[in-house]
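Enquirer: Output the structure for:
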Amino acid sequence: MNIDDSNNDMPYDVPDSDSGAPPQPSNPDASPPAGRPASGPQGSPQAPPPPSFFQPGSTPPPVGPPPRQPRSSAAWLIPSALAIGCLPWLILFVILVSGLAVGGKKVDRGNHIALIRIEGIITAGRSGGGFMADSVSGSEDIVAEIEKAVKSRSAKAILLRINSPGGSPSGSEEIYNAITRARNSGKPVYVSMGDVAASGGYFIASAADRIYADSSTLTGSIGVIFASADLSELFRKIGYNTQVVKSGKFKDVGSAHRSLTPEERQMLQAIVDDTFQTFVSAVARGRKMNLDDVRKLADGRVYTGNQAKAAKLIDEIGGLHETVAAVGSASGMSGAPKVIEYGKKSFFDVVFDSSSSGETSGLERAVRREILQRLIDGDAGAGGLR
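Expert: You can find the predicted model right below:
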């Protein structure tokens, strides 16, 4: 079978369909194979054979796209490293912007109630605590917020929200005195108790005009205690011997390596009694109660809100909502009073603020756990108000 291609002057012989031989060029001078006539016009030039990609009888190569070459690891390693390296800076940038945005908001100075929170252990210093630390209410910061509310003409009253098991006697006394000055300035000062407002927390609350507490609030714990551990017997058994060089006989009072001497016990008892007298007198003065009546209640026990109301240690049963309504009415504010929280921390402060050191934070947590435990079981505990 001959095929004449009009676009090509060099004809080719095409084999039969059942023949596996490749096409052969026409050659007028050559003799055709046996049984096959020559093809193409006479005298036409010979054409070169077409390129052969496979030999007759062999398997043809697969048809399809060439195999994909594996990608180099460097193609994704560099962008991944850049993304990981920039991620911490991006997070820090977002935190900084959030902190500036929250901390930079201006407070609306319309007539309002100044809300000041006292949470956690009370100390005579700066407040602390953050994302990874317990809350600490420092008397310096609390007093500064109270004085700020006193000086503000738009702050018509002060509301203290107390949720604290107590802490430093001196820190509690400083806040107590600041509340007394605020009351003398003519601004009402109300207290709303949270879960716990005991020991130093109640010391502070007793200075307010009126005290509100929930029926299940734990309060009271009026008293002072000092405790130290005597580990001398344990040290003797393990062969631990402490060598002490001191400037006076009382310099290592309360040391764990020995027991208290009678003189030391008498000295510490005098300190406890004097601090206790300050506590009882402050409660009697703030609550306008007889000193002897307060002494009867000041045996270190804890009261629920209902018991405290019956003992006249608080005025009303109610939460923060009821306290806001009462102080708003007492300050002459009509309608729903506006409440502005003083000393509120920004997101930046909450994340990065903490106690001055890890040791201090650990000590404060231990003191807090000890005080809370003593409030529950009524036993002796860490030093401080009780």
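Enquirer: Every contact and neighbour count from this point should use C-alpha atoms.
Expert: OK.
Enquirer: Quick one: low-confidence residue ranges for the stretch 1-150 of the chain.
Expert: 1-77, 92-109, 128-134 (pLDDT under 70).
Enquirer: show me the residues around Ala182 that make contact.
Expert: Ile146, Glu147, Val150, Pro188, Val189 (Cα atoms under 8 Å, 6 or more residues apart in numbering).
Enquirer: On the strand side of things, show who the last one bridges to.
Expert: Put plainly, it is Val189. For Val189, the beta-bridge partners are Ile158 (DSSP bridges).
Enquirer: thinking Ile340 is in contact with Gly110, fair?
Expert: No - taking contacts as Cα atoms under 8 Å, Ile340 lies outside contact range of Gly110: 9.7 Å.
Enquirer: could the contacts of Ala182 go into a markdown table alongside neighbour count and distance to Tyr212?
Expert: Listed next are these as a markdown table, based on neighbours: other Cα atoms under 10 Å; distance: Cα to Cα, whole Å:
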| residue | neighbour count | distance to Tyr212 |
| --- | --- | --- |
| Ile146 | 25 | 19 |
| Glu147 | 15 | 22 |
| Val150 | 23 | 21 |
| Pro188 | 21 | 14 |
| Val189 | 26 | 12 |
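Enquirer: can you count the residues close to the closest residue to Asp230 other than its chain neighbours?
Expert: Nearest non-adjacent residue to Asp230, counting by Cα to Cα, 6 or more residues apart in numbering: Ala256, 4.7 Å away. Using other Cα atoms under 10 Å, the number of residues around Ala256 comes to 15.
Enquirer: Work out for me the element Ala256 sits within.
Expert: According to DSSP states H and E, Ala256 maps onto no helix or strand at all.
Enquirer: Now do the same for it: its pLDDT.
Expert: Note for Ala256: predicted pLDDT of 90.
Enquirer: List the contacts of it.
Expert: Counting by Cα under 8 Å, 6+ apart, Ala256 has contacts Ser228, Ala229, Asp230, Leu231, Ser232.
Enquirer: just to revisit the earlier point, distance to Ser172 added to the contacts of Ala182, as JSON lines?
Expert: JSON lines is the format used below for the contacts of Ala182 (distance: Cα to Cα, whole Å):
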{"residue": "Ile146", "distance to Ser172": "14"}
{"residue": "Glu147", "distance to Ser172": "16"}
{"residue": "Val150", "distance to Ser172": "19"}
{"residue": "Pro188", "distance to Ser172": "20"}
{"residue": "Val189", "distance to Ser172": "16"}
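Enquirer: wait, which of these is closest to Ala336?
Expert: Closest approach between these and Ala336, by Cα to Cα: Pro188, at 16.9 Å.
Enquirer: leaving aside the residues next to it on the chain, what's closest to the closest one?
Expert: Excluding its sequence neighbours, the residue lying closest to Pro188 (Cα to Cα, 6+ apart) is Ala157, at 5.0 Å.
Enquirer: mind listing what the one you found touches?
Expert: So Ala157 contacts His112, Ile113, Ala114, Ala149, Lys187, Pro188, Val189, Val327, Gly328, Ser331 (Cα under 8 Å, 6+ apart).
Enquirer: Same question for Gly305.
Expert: Ala213, Asp214, Ser215, Ser216, Thr217, Leu218, Thr219, Ile314, Ile317.
Enquirer: The last one - how many residues pack around it?
Expert: Taking other Cα under 10 Å as the criterion, the count of residues near Ile317 is 20.
Enquirer: Just confirm it contacts Thr217, I think it does.
Expert: No - Ile317 is beyond contact range of Thr217, at 9.6 Å (criterion: Cα under 8 Å).
Enquirer: quick revisit: out of the contacts of Ala157, which are inside helices?
Expert: Per DSSP state H, helices hold the following members of the contacts of Ala157: Ala149, Val327, Gly328.
Enquirer: nearest residue to the second one other than its sequence neighbours?
Expert: Translated: Val327. Nearest one to Val327, counting by Cα to Cα, 6+ apart, is Tyr190 at 6.4 Å.
Enquirer: So for that neighbour, what pLDDT did the model give?
Expert: pLDDT, Tyr190: 98.
Enquirer: Against Ser80, how distant is Gln307?
Expert: To Ser80, Gln307 is 64 Å away according to Cα to Cα, to the nearest Å.
Enquirer: Same check on Val196?
Expert: Look at Val196 and Ser80: by Cα to Cα, they are 51 Å apart.
Enquirer: what's across from Ile122 in the sheet?
Expert: Ser137, Gly167.
Enquirer: okay, Gln307 and Ser80: which has more neighbours?
Expert: Taking other Cα under 10 Å, Gln307 and Ser80 do not tie; Gln307 has more neighbours (18 against 12).
Enquirer: could I get the helix or strand harbouring that one in CSV with only the CA atoms?
Expert: Under the criterion of DSSP H and E, Gln307 resides in helix 305-310. In CSV, the C-alpha atoms belonging to helix 305-310 read as follows (Å, rounded to 0.1, in the frame of the first residue of the first chain):
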residue,chain,number,x,y,z
GLY,A,305,-21.1,36.3,106.9
ASN,A,306,-24.3,35.4,108.8
GLN,A,307,-22.3,34.9,112.1
ALA,A,308,-20.4,38.1,111.6
LYS,A,309,-23.6,40.1,111.1
ALA,A,310,-25.1,38.6,114.3
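Enquirer: any idea which helix or strand comes after that helix?
Expert: In N-to-C order, the element after helix 305-310 by DSSP H and E is strand 316-317.
Enquirer: That following strand packs against which elements?
Expert: Applying 3 or more Cα pairs under 8 Å, 6 or more residues apart in numbering; DSSP states H and E, one finds that strand 316-317 makes contact with strand 210-213, helix 305-310.
Enquirer: Name the strands paired with the shortest one and say parallel or antiparallel.
Expert: Translated: strand 210-213. strand 189-198 (parallel), strand 316-317 (parallel).
Enquirer: Thanks again, I'm all set now.
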